[in-house]
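Trainee: Would you be able to build a 3D model of this:
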Amino acid sequence: MAAMAQDDEVGDERRTPERLPKAFYALYYGAGACLFPFVPLYYDQIGLNGDQIGLLAGIPSAMVLIGGALWGGLADATGRHRTVLLLAIGGSIALSQLLPHLSVFFWLIPLVFFMAFFMSPIVPLVDHSVIEMLGGRRARYGKVRMWGAVGWGTVGPLVGWVVERSHLDWAFRSYGLLMALCLLVVVYLPAHAAAPQEPLRGRLREILSDRRWHLFLLLAFTGGVGLGFAHHYLFLYMDELGASRAVMGWALSVATLSELVAFALAERAMQRWGARTLLVVGLLASALRLLAYSLATEPLHALCVQLLHGPSFALMWMAGVSWANRIAPPGTGATAQSLFGGVNFGLGGTAAALAGGVLLERIGAAAMYKWGALSVLVGLVVYGVAERAVGRVEEA
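Mentor: As a prediction, the model looks like this:
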């Protein structure tokens, strides 16, 4: 009986700290469902063309790498991870509320730039804190992170319904409200506190001198390209297919369903096959997803394709976070996670946003998705050739 009571206490200790990260992920990605899919619709509504939309969509992706590395380096250098996280969230809230009040392309560029700068470190810093909090139970990261999918899928249809019956401005207001709740959670969120480390340049040099990072970041970039094509232009494509705002919201819920399943299975899959295999599987699913989008002829088809979101995103993200943590030098956790997210969402997402905007304007969304699928497959081929040349990367 004593042993059982002790086990119960251990279980409570394991579950209790996880509640706050779960709440944060649910609120943060719920806020994301209010903002990110609807921003391209706002750009289209104010009369921007495909090239302009592509440029604005590429700015946040680029800032994930630049801003994420700077903020992550600052957090590691000072040991003040929570302070940096609070500042980043506060800045993103304030700037996001200005976005629906601007309709001139020239003024949107600096606003989107600074908004993206403040958003860039949020996920890497929280991911780093959660990984450190879990300690020897890091394989449970997927079970914690899956609450982000719950938030995304729950809020998506609600905000779509609200926007359908009112105005697009409500998407931005809802984002601000949920991010304000994130601020409250962060105050109590267990934050990893480490002794100040050497300057950012030295840590990046140490990380990038490790050849394991070279092939890992190639896969991260390829995955970011696939996700960028899928995410930046989905609602514009669904609008072409005749989907209502409410149906667009349900597209987020369908994606969430597959993401929940993928995250739930990720722990066992990681233990059995390792991070490298999961990354490759995720990229193959991403190529299939983009090809399927290109063949859709009505909104229902796009909803069905959303079921591939889980394999193409959740498996890749779970594997990437784990791999980055495994091969990061001591004391560089936030920097490593920022580098992974920056190359994935940053470089990869920027490439997809810019190329997608040009292709959307000139050949249409369906053909754009075909080119996106091809680019992911080319990235996998390049990875295979590079791996043969330098040797297989150690499993994470």
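Trainee: quick one: the helix or strand Glu361 falls within to chain centroid distance?
Mentor: Take DSSP states H and E as the rule and Glu361 turns out to sit in helix 349-363. Remark: helix 349-363 is offset 19 Å from the chain centroid, using C-alpha atoms, centre = their mean, to the nearest Å.
Trainee: Which elements pack onto that helix?
Mentor: Helices and strands touching helix 349-363, by 3 or more C-beta pairs under 8 Å, 6 or more residues apart in numbering; DSSP states H and E, are helix 50-78, helix 211-232, helix 365-390. C-beta here means a position set from N, CA and C on the backbone, and glycine is covered the same way.
Trainee: Could you find the closest non-adjacent residue to Glu387?
Mentor: With sequence-adjacent residues excluded and distances taken as C-beta to C-beta, 6 or more residues apart in numbering, Glu387 is closest to Leu215, at 6.0 Å.
Trainee: my bad, Met115
Mentor: If the residues on either side of it in the chain are set aside, Met115 comes closest to Leu95, at 4.0 Å by C-beta to C-beta, 6+ apart.
Trainee: May I have the residues that are in contact with the one you found?
Mentor: When contacts are counted by C-beta atoms under 8 Å, 6 or more residues apart in numbering, Leu95 is found next to Leu111, Phe114, Met115, Phe118.
Trainee: helix or strand right after the helix or strand containing Leu300?
Mentor: For Leu300, the enclosing helix or strand under DSSP H and E is helix 299-305. Sequence order places helix 309 as the next helix or strand after helix 299-305, per DSSP H and E.
Trainee: Which residues does that next one contact?
Mentor: By C-beta under 8 Å, 6+ apart, helix 309 touches Ala230, Val254, Ala255, Thr256, Ser258, Glu259, Arg289.
Trainee: again, only this time at 7 Å
Mentor: Ala255, Ser258, Glu259 (C-beta atoms under 7 Å, 6 or more residues apart in numbering).
Trainee: Which elements pack onto the helix holding Leu300?
Mentor: Packing partners of helix 299-305 (3 or more C-beta pairs under 7 Å, 6 or more residues apart in numbering; DSSP states H and E): helix 245-295.
Trainee: angle of the helix it packs on against helix 211-232?
Mentor: 120 degrees (axes from the mean of the first three to the mean of the last three C-alpha atoms, to 10 degrees).
Trainee: average pLDDT across helix 245-295?
Mentor: For helix 245-295, mean pLDDT rounds to 82.
Trainee: Repeat that for stretch 349-367.
Mentor: The model assigns stretch 349-367 a mean pLDDT of 81.
Trainee: same thing with stretch 118-138?
Mentor: Per-residue scores along stretch 118-138 average to 77.
Trainee: In this protein, which residue is most central in space?
Mentor: Closest to where the C-alpha atoms of the chain average out (C-alpha atoms, centre = their mean) is Phe345, at 6.5 Å.
Trainee: That one is in contact with Met63, isn't it?
Mentor: No - look at Phe345 against Met63 with C-beta atoms under 7 Å: they stay out of range, at 9.4 Å.
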